[in-house]
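> sequence plus the predicted model coming up.
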Amino acid sequence: MRINISQKYQKIWQLAEPILKKCRPDDLIHCKQAAELVADFIKKYHRGDPDILVPVAIFHDIGHAVILPEHFDRVSGPNKLPDSKLVHMLTGAKIAKDLLQKIHYPSKKIKEIVEIISTHDIEDKKLFNTENKKIFNDLDTLDRFSLARFRAIMRIFKWSPEETCKYLEKSIPNLFTLEVRKMARQMLNERKKEYKV
């Protein structure tokens, strides 16, 4: 699958892609889109470290590869178990670390990448205490507003367009960055228009 990011990060994508194909059905596309969102955001707003955030975006959900497909509903969707997100965060951090060490990525960068991946789905937003963590949280969330993810949310949760819009609306105030809040509001308005909500 072709990804629109700097050549500098193509090797990381090539390492991650075969593993992402073993994840939940939407994870490959989501990680691709998240990496492209991150790259575009950094280019446009000159905020965040691309050497941290692009690899984080590529790897952040790769830990789902260790979960049996018949257990995917236990880690996401309406039937997910409490604390089930820890599995993909911690195993994803380990996979990312191993792959980045394999290509001799700078160890200081690996440390921060691993830290962000290992906490990126934590409910306690106090842990999002660096600019890179805040930016990634927001852009990972922003992908939910895309048409493909909007449809996936409706399918997974068996929600109507109205219910999905309400869910997304509630997440906007929790975004850290003004730029992403504006983008989320615009994308939500597009979904409302498309679905006549």
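Okay, I see it.
> contact partners for Gly63?
Shown in contact with Gly63 (CB atoms under 8 Å, 6 or more residues apart in numbering): Val87, His88, Met89, Leu90, Thr91, Gly92, Ala93, Lys94, Ile95, Ile117. (C-beta placed from N, C-alpha, C; glycine too.)
> which helix or strand contains the closest residue in space to Tyr105 that isn't next to it in sequence?
Leaving aside its chain neighbours, Tyr105 sits nearest to Pro55 (7.5 Å; criterion: CB to CB, 6 or more residues apart in numbering). According to DSSP states H and E, Pro55 maps onto helix 50-59.
> other residues contacting that helix?
So helix 50-59 is contacted by 5-6, 9, 12-13, 16, 31, 34-35, 37-39, 42, 92, 95-96, 99-100, 105-106, 109, 112-113, 116-117, 120, 132, 135-136, 139-140 (CB under 8 Å, 6+ apart).
> same thing but 7 Å
Identification of contacts with helix 50-59 by CB atoms under 7 Å, 6 or more residues apart in numbering yields 5, 9, 12-13, 16, 31, 34-35, 38-39, 42, 92, 95-96, 100, 109, 112-113, 116-117, 132, 135-136.
> what mean pLDDT does stretch 23-40 get?
Here stretch 23-40 scores 94 as its mean pLDDT.
> correction: the previous question concerned stretch 173-182.
On average, stretch 173-182 scores 96.
> show me which positions of it end up buried.
For stretch 173-182, burial by neighbour count (16 or more other CB atoms under 10 Å) applies to Leu175, Phe176, Thr177, Glu179, Val180, Arg181.
> out of those residues, which are inside helices?
Per DSSP state H, helices hold the following members of those: Glu179, Val180, Arg181.
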